[in-house]
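> okay, here's the prediction I keep looking at, along with the sequence it came from:
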Amino acid sequence: MSSLVRFGVSLDKSLLEAFDALIHNTGDSNRSEALRDLIREELVRREWREGRIVAGAITVVYGHHTRELVQRLISIQHDAGDIIISSQHVHLDHDNCLEVIVVKGTPQAVEALASRIKATRGVKHCLLSMTTTGKHLV
């Protein structure tokens, strides 16, 4: 049996119109789905703020011709072996590589790893995408 609960929400007309436009642009099928997405997004942010075990992906673009860069990145990843689940290396072109590093750990450890990679000479772009393990999310 479903535990679906219906409730009413009062909003200013202009806020509801903006929300409906957001729903249309994001492709959510209805207001309920959009509200569920927003609530889950905030719950994931809370997991990060509270220091719970979280998951994420660090996406890195770098020039592989930079002297000793690959060795430095490998060394950094070996130092963080306890939080790295996997990584994938892609050759974008003759000069550039993309690496996606999937991580699981405390927010502090994950953010420290992303910062260390980002600060490495030769890294062109580094982005941490934060998400949840799903354990505390409904």
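Done, it's in.

> please count neighbours and contacts with C-alpha atoms only from this point.
OK.

> and Val123, how many neighbours?
Other residues lying near Val123 total 21 when counted by other Cα atoms under 10 Å.

> ignore what I typed, I meant Thr26.
If you count neighbours by other Cα under 10 Å, Thr26 ends up with 10.

> cool, Asp82 as well?
Neighbourhood size, Asp82 [other Cα under 10 Å]: 12.

> pretty sure it sits in a strand.
No. Counting by DSSP: H, G, I helix; E, B strand; the rest coil, Asp82 is not found in a strand; it is coil.

> check the gap between it and Val102 for me.
Distance of Asp82 to Val102, given as Cα to Cα, to the nearest Å: 12 Å.

> try Ile85
With distances taken as Cα to Cα, Ile85 is found 5 Å from Val102.

> who has more neighbours out of these two?
Val102 (19 against 14).

> need the nearest residue in space to the more buried one, chain neighbours excluded.
Distance criterion Cα to Cα, 6 or more residues apart in numbering; nearest residue to Val102, sequence neighbours excluded, is Ala57 at 4.5 Å.

> the one you found contacts Ile101, correct?
Yes. Using Cα atoms under 8 Å, Ala57 is in contact with Ile101, at 5.5 Å.

> neighbours around the residue nearest to Val102, how many?
Taking other Cα under 10 Å as the criterion, the count of residues near Ala57 is 22.

> bridging residues for it?
According to DSSP bridges, the partner residues bridging Ala57 are Val102, Ser129.

> give the buried residues for the longest helix anywhere in the chain.
Looking across the chain with DSSP state H, the single longest helix is helix 31-50. For helix 31-50, the neighbour count (16 or more other Cα atoms under 10 Å) marks Ala34, Leu43, Val44, Glu47, Trp48 as buried.

> just the pLDDT for the third one.
This means Val44. With respect to pLDDT, Val44 has a value of 86.

> same thing with the last one?
Turning to Trp48, the model gives it a pLDDT of 88.

> going forward, begin numbering at 58 instead of 1
Right, with 58 as the first residue, what we last looked at is Trp105.

> hang on, it packs against Pro164?
Yes. With contact defined as Cα under 8 Å, Trp105 reaches Pro164; the gap is 5.6 Å.

> joint contacts of these two?
Val111 (Cα atoms under 8 Å, 6 or more residues apart in numbering).
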